[in-house]
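Colleague: Pasted the sequence and its predicted model underneath.
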Amino acid sequence: MISALDTNVLLDVLLPDNNHYQNSKTLIDRAYAEGALIICEAVYAELACQFDSPDELDSFLSDTGIRLVPSTRKALHAAGAAWRSYISRRGPHFQCASCSNLQVLICPKCGATVTSRQHIVTDFIIGGHALVQADRLLTRDRGFYHAYFPGLKINA
């Protein structure tokens, strides 16, 4: 079984978070026992800010048995298709990361609609990579990945 890892579960372990550390560590340990652990280049880039050099990050990945597997064109195309869907759905809405519910936020001072880009293309690269190149994704962003990658198996 190949498990792709989202940045959030790795950061939960690297920067111990009282709310998520144990669950993320258990998920990663279980996935490691069941097969391969992989990340895409977007996760690698997001992790890089936690290390002083590429050698330190590569050492961490090697020590933990996590492999950097570059995204294929098919994975990147899946990411682009999901990104297009997100852009067309997003409008002035904020999206709940847990259930994907869309809400509009109105400024209490002037009454204007507040907009924000809650997801960036790297989130979609992570999803496309996991969909095409892994058997599942380990993440805390279940609602988001279920909404835009419905065929992706998610462990959270």
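Modeller: Right, received. Where do you want to start?

Colleague: First-to-last residue distance for stretch 95-109?
Modeller: End-to-end distance for stretch 95-109, by CA to CA, to the nearest Å: 22 Å.

Colleague: Touching that stretch from outside, list them.
Modeller: With contacts defined as CB atoms under 8 Å, 6 or more residues apart in numbering, stretch 95-109 is touched by 89, 92-94, 112-114, 118-119, 140-144, 146-147. Where C-beta positions appear, they are placed from N, C-alpha and C, glycine not excepted.

Colleague: PyMOL command to pick out the buried ones of those residues?
Modeller: If you want just the buried ones from these in PyMOL, going by 16 or more other CB atoms under 10 Å, the selection is:
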select buried, resi 93+119+140+141+142+143+144+147
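
Colleague: what's the closest of the contacts of stretch 95-109 to Leu15?
Modeller: Ranked by distance to Leu15 (CB to CB), these are led by Arg140 at 13.7 Å.

Colleague: tell me the SS of the closest one?
Modeller: With DSSP: H, G, I helix; E, B strand; the rest coil as the basis, Arg140 sits in coil.

Colleague: Thought Leu11 was touching it, still the case?
Modeller: No - at 9.9 Å, Arg140 does not count as touching Leu11 under the criterion of CB atoms under 8 Å.

Colleague: sorry, back to before: go through the contacts of stretch 95-109 and say which is closest to Tyr21.
Modeller: Using CB to CB, the contacts of stretch 95-109 come closest to Tyr21 at Arg140, 11.8 Å.

Colleague: what's the helix or strand for the closest residue to His119 other than its chain neighbours?
Modeller: The shortest distance from His119 to any non-neighbouring residue, by CB to CB, 6 or more residues apart in numbering, is to Tyr86 (6.2 Å). Per DSSP states H and E: Tyr86 is located in helix 73-90.

Colleague: So which residues make contact with that helix?
Modeller: By CB under 8 Å, 6+ apart, the residues outside helix 73-90 that reach it are 40, 71, 102, 117, 119, 121, 124-125, 127-129, 131-133, 148-149.
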